[in-house]
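Peer 1: sequence unavailable; structure follows:
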């Protein structure tokens, strides 16, 4: 196996439990009962087993970019995943399979693949969080999803108490979902991605990205160009972390795009007849995916709309709820409820949160 990145870094184990807000992009969340750090795969497993012996609930936290933690914190062990590194574990003339540690920062990995001339995740540039979190949510953006490149996921199976390998076909990948999303049975230790050996991107599928690149949908562009364009688009929406920009203190899109059956879509069009045809895309099995951002805006919630304690809809992106540093989880979820209920009252369409909610509910 060929090492293509640095070895795991040394993390400092916090001397005492502290606010989990320190470890989330929202900068929200109270203290856990116990805080631990794992730098290697075996430390992840060891900490989980120790928590189980104590009877502690377990919260696994890496980049903290897709989680909302309650103000009361977490009544158990919060385990910070800080494993690092990636290795080529298989290769041929056209592909390379990369095994990536769960704690590897995702955008660093994407940069590595682009520089190496490996195509398949370039349009997922700029997304915060860790590599191990990507299969949990089936992370996707600008026409790509990790489900397209994941070969398998190395996991610790808490039911059987053993390490195993789940092939992609057993991961239950769906729109922003997987078997990992709603079950704590498996802890992700590493992920294998199969990428194409190519200096060019996969065919550009997203119209907004194609316009930014000055190409047609379906064209291919140099990997570095695709990455730069995606990062610029995301930055313009406050979706690239920037300590100086309070709009980036979010979990990205707070709501998923609703997926409606034919009857639901027809009812939505009737209720939105005065507003024109809602932006939509075909989904599997005759379903229709609707723009959540359009629904939110047309229900009267504009960019910059404020809730209690300074929490607000991003000034750059309707789907992002932000914390300027003065808010609480309760205030953020209050704003989320206001938006969800307003959309349902206006259009009859339910909105569902995209991030994982820990010790809190909407």
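Peer 2: Received, thanks. Bear in mind that the values here come from a model prediction, so they are computed numbers and not experimental data. Numbers count the residues shown, from 1 in each chain.
Peer 1: rest of the way, CA atoms for contacts and neighbours
Peer 2: Fine.
Peer 1: domain assignment for the protein?
Peer 2: Annotated domains of the chain cover 1-236, 246-358 [automatic domain parsing].
Peer 1: mean pLDDT lowest for which of these?
Peer 2: Ranked by mean pLDDT, the domains of the chain end with domain 1-236 at the bottom, a mean of 92.
Peer 1: what about that domain, distance to the chain center?
Peer 2: Taking Cα atoms, centre = their mean, to the nearest Å, the mean C-alpha location of domain 1-236 is offset from the chain mean by 8 Å.
Peer 1: do the same with stretch 224-238
Peer 2: That offset, for stretch 224-238, works out to 16 Å (Cα atoms, centre = their mean).
Peer 1: now the domains of the chain in CSV, with mean neighbour count?
Peer 2: Shown next, in CSV, are those (neighbours: other Cα atoms under 10 Å):
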stretch, mean neighbour count
domain 1-236, 19
domain 246-358, 18
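Peer 1: which residues touch the closest residue to residue 320 other than its chain neighbours?
Peer 2: Of all residues not flanking residue 320 in the chain, residue 253 sits nearest, at 4.8 Å (Cα to Cα, 6 or more residues apart in numbering). Counting by Cα atoms under 8 Å, 6 or more residues apart in numbering, residue 253 touches 319, 320, 321, 354.
Peer 1: repeat that with 7 Å
Peer 2: 319, 320, 354 (Cα atoms under 7 Å, 6 or more residues apart in numbering).
Peer 1: repeat that for residue 242.
Peer 2: Under the criterion of Cα under 7 Å, 6+ apart, the neighbours of residue 242 are residue 248.
Peer 1: okay, and it sits in which element?
Peer 2: If you go by DSSP states H and E, residue 242 is not part of any helix or strand.
Peer 1: do you know the pLDDT at it?
Peer 2: 88.
Peer 1: how near is it to residue 250?
Peer 2: 11 Å (Cα to Cα, to the nearest Å).
Peer 1: again, but for residue 58
Peer 2: 23 Å.
Peer 1: how many neighbours does the residue nearest to residue 234 when sequence neighbours are not counted have?
Peer 2: Nearest residue to residue 234 in three dimensions, chain neighbours excluded: residue 240, at 5.9 Å (Cα to Cα, 6+ apart). Number of residues near residue 240 (other Cα atoms under 10 Å) recorded here: 22.
Peer 1: and residue 240, what does it touch?
Peer 2: Contact partners of residue 240, counting by Cα under 7 Å, 6+ apart, are 126, 127, 234, 248.
Peer 1: with residue 362 instead?
Peer 2: 333, 337 are the contacts of residue 362 under Cα under 7 Å, 6+ apart.
Peer 1: by contact count, what packs against the lengthiest helix in the chain?
Peer 2: Longest helix of the chain, by residue count under DSSP state H: helix 329-347. When contacts are defined as 3 or more Cα pairs under 7 Å, 6 or more residues apart in numbering; DSSP states H and E, helix 329-347 packs onto helix 292-298.
Peer 1: following the longest helix of the chain, which helix or strand comes up?
Peer 2: Counting by DSSP H and E, the next helix or strand C-terminal to helix 329-347 is strand 356-358.
Peer 1: re earlier: for the residue nearest to residue 234, grab phi and psi.
Peer 2: According to degrees, to the nearest 10, the main-chain angles of residue 240 amount to phi -120, psi 120.
Peer 1: for the stretch 51-200 of the chain, just list every one of the strands.
Peer 2: 58-61, 67-69, 74-81, 86-91, 95-101, 118-119, 140-141, 144-145, 150-157, 162-167, 186-197 (DSSP state E, counting those that start in this stretch).
Peer 1: re earlier: out of the contacts of residue 240, which are inside helices?
Peer 2: Of those, the ones assigned to helices by DSSP H are residue 234.
Peer 1: give me the spatial nearest neighbour of residue 311, chain neighbours excluded.
Peer 2: Residue 311 sits nearest to residue 323 (Cα to Cα, 6+ apart), 4.8 Å away.
Peer 1: so which residue of this protein lies furthest out from the middle?
Peer 2: Of all residues in the chain, residue 274 sits farthest from the chain's C-alpha centroid, using Cα atoms, centre = their mean; the distance is 34.3 Å.
Peer 1: return the backbone torsion pair for it.
Peer 2: Phi and psi for residue 274, reported as degrees, to the nearest 10, are phi -80, psi -10.
Peer 1: distance of it relative to residue 159?
Peer 2: Where residue 159 is concerned, residue 274 sits at a distance of 53 Å (Cα to Cα).
Peer 1: now residue 276
Peer 2: Taking Cα to Cα as the measure, residue 276 falls 50 Å from residue 159.
Peer 1: no more questions from me, cheers.
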